[in-house]
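[1] below: sequence and its predicted model.
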Protein chains: 2
Amino acid sequence: MLQDDPLRDHIIARFEDMPPQLQAAARYILEHPQEVALVSMRELARNAGVQPATMTRLAKFLGLPGYDDIRAHHAEAIRLRADGFAARAIRQDDAAGADGLARQMLQGLAAQIARLCEPAALARIEAVADRLAGARRIYVLGLRSCHSVAWHFHYVMTLLGERTVHLDGPAGTAGDALIRARAGDVLLVVSINPYALHSLELAEIAREKGMVLLAITDSEVSPLVGICEHAILCSTDSQSFFHTLAPALAVSEVLCAALASRDRAAALEGLRAADRQLLALNTYANAIPRRRL
Amino acid sequence: MLQDDPLRDHIIARFEDMPPQLQAAARYILEHPQEVALVSMRELARNAGVQPATMTRLAKFLGLPGYDDIRAHHAEAIRLRADGFAARAIRQDDAAGADGLARQMLQGLAAQIARLCEPAALARIEAVADRLAGARRIYVLGLRSCHSVAWHFHYVMTLLGERTVHLDGPAGTAGDALIRARAGDVLLVVSINPYALHSLELAEIAREKGMVLLAITDSEVSPLVGICEHAILCSTDSQSFFHTLAPALAVSEVLCAALASRDRAAALEGLRAADRQLLALNTYANAIPRRRL
DNA sequence: GGCAAAATGCAACACTTGTTTCATCACAAC
DNA sequence: GTTGTGATGAAACAAGTGTTGCATTTTGCC
């Protein structure tokens, strides 16, 4: 992943000239170099979403006799890395001194997300997922810094179906959608210290309407904990001046995955429908589009 | 090398009870653990100087269904080691194996963020931070799934000052702000596979205007890499059906922190100003507000 | 619009894989 | 010396491997 790898460079260099399927295969190999050595070609192709033959074609395209050469190369890379293993460990430690703010932050974030694996935290996540799974409608609220988390949750959920409503809007209309919320509907509110007053107000309104309140927040003493049925707590400490939302985002992704896995068939169907439309609309591309002059 | 490996321990424990040929096979496996995952059983047997059948017999002797389990175990060991030190430190709960989807996802995310601590990745982050620090104006672009990252970056930056412009808006006006961008201004674009066509189009426009392009993306062969001055690559793999943005969000937070730390005084002043206004507007609260009846 | 070329999916191919079976062997106990 | 038991080697097996040729689709160009 770090050393200069001639085959890797070669793939990158010739990437532009590849047809789409070869690019898909090449992209997967670049992003999962070790898998090449660890699984069979057919399985690799399956994971990359291409035909087995495409892997062979990629090898030939790169001027190699066959796919086995690609695998041999990656196997060798793994063997070599084992030698440089100890050396790398040392380097990691001594570099952590001077301008290690970035490293410190990243390691801290990784640790915080890892801490969510504790049984207590997992149980809270499961509880929230259970409640979300049974909901007729899910209203999602996250203001200011928490907007990113709320929106991401909503976005992923829209790809799966249409049960979520994002409480956001211009001109101060964020909460208006709650007007049509019923008792029994769910409100998922994301809020961290400092807590946006408006989020708390809307949450309280929702509670009075008899809605089920769920929260992603940052503390046992968050104002939301008192009025919520279940709350997921994630740390927001960061080595920087600002609270981090990476753990909260991770939680929201886990929730989406948990919901999808409860009804895999429906999720897949929803994704397929989304794919169809996005494809028809030419939403995505794999290369810088040629400009029309 | 000194990680606790249950299969390895098992082999050692039962070594004494093995017939000579099994011992030969077992000895070779203990001394060349990675080879197990990297070559076929027959070749391994050849190198170990035993019959192919002996490897199968060894597996059965150890109480496993077949040789493939031995290989799978060693492949997993290689995969885990590649996830870096943080990942291994995280794996304190080696007892509970394939438990929940939630735990797997969270551990995976933590490992991916930890992997951003590699020197190559850190260097890219520093390079981007350098460029951002010197910019007159920073335009931030992230569409669809990447909106959350782009918006979060922009939001934090607005608390520090007013150098960023978020390229987003209703009615398809997202890119309009670029009209007033000058050569030398910076565009930070966030995009992952599948790449939103519109993001690529706007990036290309910006490049033609002579702007400095910086990217947070997911691959060496992302279409953005070719037209960007610097790109930060972060993995988006997830155990779920959907790409993760947690590493990208972490990167954006690190960038904000890096920028703030370059001019700590200005950052503090910006924060103070923001605090003043938000306080005056009663934006935040620490308790559920009393409803006026 | 039509054509050539490129790209892709598919299925058959020859080969290797890990496994199993069975005959042979080694060696201890009687 | 015979016998019985477990260890070993060799061969046969189905399953899966990487590859190839061919039909089909897509693409670019006049």
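    Arrived safely.

[2] tell me which element the closest residue to A:Leu22 other than its chain neighbours is part of?
    Leaving aside its chain neighbours, A:Leu22 sits nearest to A:Leu58 (5.2 Å; criterion: C-beta to C-beta, 6 or more residues apart in numbering or on different chains). To be clear about C-beta, it is placed using only N, CA and C from the backbone, and glycine gets the same treatment. For A:Leu58, the host element (DSSP states H and E) is helix A:52-61.

[3] check the offset of that helix from the chain's centre.
    A distance of 30 Å separates the centroid of the chain from that of helix A:52-61, by C-alpha atoms, centre = their mean, to the nearest Å.

[4] tell me how many other residues crowd the residue nearest to A:Leu22.
    Other residues near A:Leu58 number 25, with proximity taken as other C-beta atoms under 10 Å in any protein chain shown.

[5] just A:Glu16 next, same as before
    By the measure other C-beta under 10 Å, the count of residues near A:Glu16 is 11.

[6] thought it was touching B:Gly226?
    Yes: between A:Glu16 and B:Gly226 there is a contact under C-beta atoms under 8 Å: 7.5 Å.

[7] still on that earlier bit, what about the helix holding A:Leu58 and DNA strand D, touching?
    Yes: residues of helix A:52-61 contacting DNA strand D under C-beta under 7 Å from any atom of the strand: A:Pro52, A:Ala53, A:Met55, A:Thr56, A:Arg57, A:Ala59, A:Lys60.

[8] pull out the buried positions in that helix.
    Buried residues in helix A:52-61, counted by 16 or more other C-beta atoms under 10 Å in any protein chain shown: A:Thr54, A:Met55, A:Thr56, A:Arg57, A:Leu58, A:Ala59, A:Phe61.

[9] and that helix, does that touch DNA strand C?
    Yes: applying C-beta under 7 Å from any atom of the strand, one finds helix A:52-61 in contact with DNA strand C at A:Pro52, A:Ala53, A:Thr54, A:Arg57.

[10] can I get stretch A:180-192 in CSV, CA atoms only?
    Taking C-alpha atoms only, stretch A:180-192 is exported to CSV below (Å, rounded to 0.1, in the frame of the first residue of the first chain):
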residue,chain,number,x,y,z
ARG,A,180,-48.5,15.6,9.5
ALA,A,181,-46.7,13.2,11.8
ARG,A,182,-48.9,10.8,13.8
ALA,A,183,-48.7,9.3,17.2
GLY,A,184,-46.6,6.2,16.8
ASP,A,185,-44.4,7.6,14.1
VAL,A,186,-40.7,7.8,14.9
LEU,A,187,-38.5,10.8,15.2
LEU,A,188,-34.8,10.2,15.0
VAL,A,189,-33.0,13.3,16.3
VAL,A,190,-29.3,13.9,16.1
SER,A,191,-27.9,16.4,18.4
ILE,A,192,-24.6,17.0,20.2
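
[11] can you list the buried residues in it?
    Those buried within stretch A:180-192 under the rule 16+ other C-beta under 10 Å are A:Ala181, A:Asp185, A:Val186, A:Leu187, A:Leu188, A:Val189, A:Val190, A:Ser191, A:Ile192.

[12] what secondary structure does the fourth one sit in?
    Translated: A:Leu187. Per DSSP: H, G, I helix; E, B strand; the rest coil, the local secondary structure of A:Leu187 is strand.

[13] any idea how far it lies from chain B?
    14 Å (C-beta to the nearest C-beta, to the nearest Å).

[14] any idea what that residue is bridged to?
    A:Tyr139, A:Leu213 (DSSP bridges).

[15] re the thing from before, next SSE after the helix holding A:Leu58?
    Assigned by DSSP H and E, the successor of helix A:52-61 is helix A:67-83.

[16] and A:Thr173, how many neighbours?
    10.

[17] next one: phi and psi at it?
    phi -100, psi 10 (degrees, to the nearest 10).

[18] do you know the pLDDT at it?
    In this model, A:Thr173 is scored at 81, pLDDT.

[19] show me where pLDDT drops low in the stretch 51-200 of chain A?
    By pLDDT under 70, the low-scoring segments of the stretch 51-200 of chain A are A:82-99, A:171.

[20] and A:Asn286, how far is that from A:Gln23?
    Distance of A:Asn286 to A:Gln23, given as C-beta to C-beta, to the nearest Å: 7 Å.

[21] those two: which is more packed in?
    The residue with more neighbours, out of A:Asn286 and A:Gln23, is A:Gln23; 20 against 16, by other C-beta under 10 Å.

[22] which residue packs closest to the residue of the stretch 101-250 of chain A found nearest DNA strand D, ignoring adjacent ones?
    Ranked by C-beta to the nearest atom of the strand, the top residue of the stretch 101-250 of chain A for proximity to DNA strand D is A:Leu159, at 23.9 Å. Nearest in space to A:Leu159, with sequence neighbours left out and distances taken as C-beta to C-beta, 6+ apart, is A:Ala274 at 4.6 Å.

[23] ditto for A:Ser261
    Here the residue nearest A:Ser261, using C-beta to C-beta, 6+ apart, is B:Leu101, at 5.8 Å.

[24] who touches that neighbour in this structure?
    Neighbouring residues of B:Leu101 by C-beta atoms under 8 Å, 6 or more residues apart in numbering or on different chains: A:Val254, A:Ala257, A:Ala258, A:Ser261, B:Gln239, B:Ser240.

[25] dump these to TSV, plus neighbour count, pLDDT and secondary structure.
    Formatted as TSV, the contacts of B:Leu101 follow (neighbours: other C-beta atoms under 10 Å in any protein chain shown; pLDDT from 0 to 100; DSSP: H, G, I helix; E, B strand; the rest coil):
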residue	neighbour count	pLDDT	secondary structure
A:Val254	31	94	helix
A:Ala257	23	92	helix
A:Ala258	21	91	helix
A:Ser261	17	88	helix
B:Gln239	18	80	coil
B:Ser240	22	83	coil
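
[26] now those residues in CSV, with distance to DNA strand D?
    Putting the contacts of B:Leu101 into CSV (distance: C-beta to the nearest atom of the strand, whole Å) gives the following:
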residue, distance to DNA strand D
A:Val254, 31
A:Ala257, 27
A:Ala258, 30
A:Ser261, 25
B:Gln239, 21
B:Ser240, 24
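
[27] so what does A:Ala244 have for phi and psi?
    To be clear, residue A:244 is Thr; Ala isn't right here. According to degrees, to the nearest 10, A:Thr244 has phi -100, psi 150.

[28] what about it, how many neighbours?
    Around A:Thr244 there are 27 residues (other C-beta under 10 Å).

[29] quick one: pLDDT of it?
    For A:Thr244, the model assigns a pLDDT of 93.

[30] contact partners for the closest residue to it other than its chain neighbours?
    Closest residue to A:Thr244 apart from its sequence neighbours, by C-beta to C-beta, 6+ apart: A:Ser238 at 4.1 Å. Contacts here follow C-beta under 8 Å, 6+ apart; on that basis A:Ser238 touches A:Met105, A:Gly108, A:Leu109, A:Thr244, B:Glu253, B:Ala257.
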